[in-house]
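Trainee: Got a predicted structure here, sequence first:
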Amino acid sequence: MSDTTTPGYRAALAVPKAKQVLAIGVLSRLPSGLVPFSVLISFTQHYGIGIAGLASGALLLAIAIPGPARARWCSTHGPAAVLLMAAASVLLFTAAASTIGLELWQIPLAITAGAGALFPPLTPSLRAVWSRLMPDKQRLQSVHALDSTVEELTFVVAPLLGTAAMALTGARWVLVAGALLLLPAAAGLSGVLRALPAADDPTASTSETKTRRRSIIRSRDGQGITVPVIVLGLCGGGLTVIIPAASADFGNVISSGYSFAAFSLGGVVGGLAYGRRKWTATLRLRYSAATAGLVVGALLLAALSASPLTILAVFCVGLPMTPIFVIAYLLVDERIDASRHAEANAWLGSGYNLGSASGAALGGQLLAFTGPRLVAAVLAGVAAIATLIAHRLPDNPPSDSEEAEPERPLPELGDTSGDAAQPSC
C-alpha cells in the first residue's frame, strides 16, 4: 500500500544544499561515463577491437574489485583522501593517454588499469552524504530515487558528449578531459563532507570498533543487501547478449538499440514511480517484492524473446532496477553503521558491475549452446534465489522502523561548530 499525498521530489529538493549535492553527483558521474568510453575508442583506433576489449575489461575490473577498499580508505582518512586519490587517478589517465599509440600496447593498458584502481569513490560517498543530509526517511527515499534517475540519464548523455567531442578532437584528448572532471567533482564532494557533522561515534566501544573493521560483505545484512544487486547486474549483463540475439531472430540486429533504450526507460519509470510514494511495508518486504519483480520480468522475457514484443519484456525487466538500488541504499542507511555507508555503497556499485560482467560472459557462452529463452529462464531462476536471500534479511526492531523514527532537525551544511571530528567520505 502507498500514500500518494505525501511530499515527494519537491520537498526533498527543498532541503538546504540538496540541489548542490545533486549537481555534484552529475559532475562526478560524467567521468564514469566518459573515461571507459574514451578508453575503448582510443585503444580501438590504435590497436584494434581485440586489444580494446582487453583494455576496457581491465579498466572496469580495476575500478570494481578494489572499490569497497578505496571507499573504506577514504572514510578512514577523511575528505582530503578523496582529492588525493582523484589527483593520482588523473595523472595516471593522462600518462595512459600519452602512451596510447606505442608499439607495446601492454604499457598503456597497465597504466589504464592502475588509474582505474585509484578511481575515487565519488558516487558511494555521495550516497552516504544523502543519508546524513536527510534524516527524514521519506525525503531520503525520494532523493535516492531522483539521484538514481539522474544517474541513468547521465550515463546516457556521457557517450553522446564523448562522441561529439571526438568529432572535434582525438579520443585521447577526450580521455584526458573526462579524467580531469574528477578534480572539480572531488573538490565539491570534499567541501560538502567537511561541512557535515562526523559520521563516527566517538563513544563507540572497542568491540563495536572491531565489528566495524570486518568486511561488510561477511555480515548477514551485508550479504542480504548486496546479493540482489549482484543478481540485478547479472540480468543486465545477460541482456547485452539476449537482446541482439533476440533481435536477430525477428528482424535486424541494429534494432536492438531500441530494446536497450527500453531497459533504461523502465528503470527511469520504475524509479520515479517508487520514489514519490510513502510505502507502509517494511524495507525488507519491499526489497523482496522488487527482486521478485525481476523474476517476473525475466520470465516474461523468456516467453517473448523470439517475437517483436521483446522490447516490452525488456522494459518490464528494467522496471524494478532503480527501485532495487533505492531500497538497497535505504537498507544501508537503516542497517549499516553511518561511518561505513560509503564502503557499503561501494559494495553495491562493485557488485552490480561484477555481476554485469559475469552475466555478459556466462550468458554469451550459454547462448552459443542454447538460445535467448533459456538464458532468460536461467536469469529468472537466479533472481528467484536472490528474492529468497532478500526475504531472509533479519527483521528490524520496532524502534528502528521508518514509521517509528521521528523527524529530526536537518543539518546546516555551513555549521561546523561543536566537538565533532573531521567528517569522512
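Mentor: Received the coordinates, thanks.

Trainee: For the stretch 301-425 of the chain, which segments count as helices?
Mentor: 310-318, 321-335, 341-369, 372-391 (DSSP state H, counting those that start in this stretch).

Trainee: quick one: buried residues of the last one?
Mentor: Judged by neighbour count using 16 or more other CB atoms under 10 Å, the buried positions of helix 372-391 are 372-373, 375-380, 382-384, 386-387, 389-390. C-beta: built from backbone N, CA, C; applies to glycine.

Trainee: for that helix, packing partners?
Mentor: With contacts taken as 3 or more CB pairs under 8 Å, 6 or more residues apart in numbering; DSSP states H and E, helix 372-391 sits against helix 220-250, helix 283-304, helix 341-369.

Trainee: Export stretch 112-122 to PDB, keeping only CA atoms.
Mentor: Taking Å, rounded to 0.1, in the frame of the first residue of the first chain, the C-alpha atoms of stretch 112-122 are listed here in PDB:
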ATOM      1  CA  THR A 112      45.000   2.500 -17.600                       C
ATOM      2  CA  ALA A 113      44.300  -0.400 -15.100                       C
ATOM      3  CA  GLY A 114      46.400   1.400 -12.500                       C
ATOM      4  CA  ALA A 115      44.400   4.600 -13.000                       C
ATOM      5  CA  GLY A 116      41.200   2.600 -12.600                       C
ATOM      6  CA  ALA A 117      42.400   1.100  -9.400                       C
ATOM      7  CA  LEU A 118      42.700   4.600  -7.900                       C
ATOM      8  CA  PHE A 119      39.400   5.900  -9.300                       C
ATOM      9  CA  PRO A 120      38.000   7.900  -6.400                       C
ATOM     10  CA  PRO A 121      34.800   6.600  -4.700                       C
ATOM     11  CA  LEU A 122      32.700   9.700  -5.600                       C
END
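
Trainee: Low-confidence stretches in the stretch 101-250 of the chain?
Mentor: The model of the stretch 101-250 of the chain has pLDDT under 70 over residues 197-214, 248-250.

Trainee: related to what we said a few turns ago, out of the buried residues of helix 372-391, which is nearest to residue 349?
Mentor: Taking CB to CB as the measure, residue 349 lies nearest residue 386 of the buried residues of helix 372-391, at 17.1 Å.

Trainee: if I pick residue 347, what's in contact with it?
Mentor: Applying CB atoms under 8 Å, 6 or more residues apart in numbering, we find residue 347 in contact with 67-68, 216-217, 222, 226.

Trainee: Quick check: it vs residue 148, distance?
Mentor: For residue 347, the distance to residue 148 equals 16 Å [CB to CB, to the nearest Å].

Trainee: Kindly report the same for residue 14.
Mentor: Distance, residue 14 to residue 148, using CB to CB: 19 Å.

Trainee: Compare the two (neighbour count), which wins?
Mentor: residue 148 (26 against 12; other CB atoms under 10 Å).

Trainee: Could you check the pLDDT of the nearest residue to the more buried one once chain neighbours are set aside?
Mentor: Distance criterion CB to CB, 6 or more residues apart in numbering; nearest residue to residue 148, sequence neighbours excluded, is residue 322 at 4.8 Å. According to the prediction, residue 322 has pLDDT 89.

Trainee: can I assume residue 322 is in contact with residue 263?
Mentor: No. Using CB atoms under 8 Å, residue 322 is not in contact with residue 263; the gap is 11.3 Å.

Trainee: Of all the helices of the stretch 301-425 of the chain, which one is nearest residue 281?
Mentor: Closest to residue 281 of these is helix 321-335 (CB to CB; 10.4 Å).

Trainee: by contact count, what packs against that closest one?
Mentor: helix 122-133, helix 137-168, helix 220-250, helix 256-275, helix 283-304, helix 341-369.

Trainee: list the buried ones in the third one?
Mentor: Buried residues in helix 220-250, counting neighbours by 16+ other CB under 10 Å, are found at 221-247.
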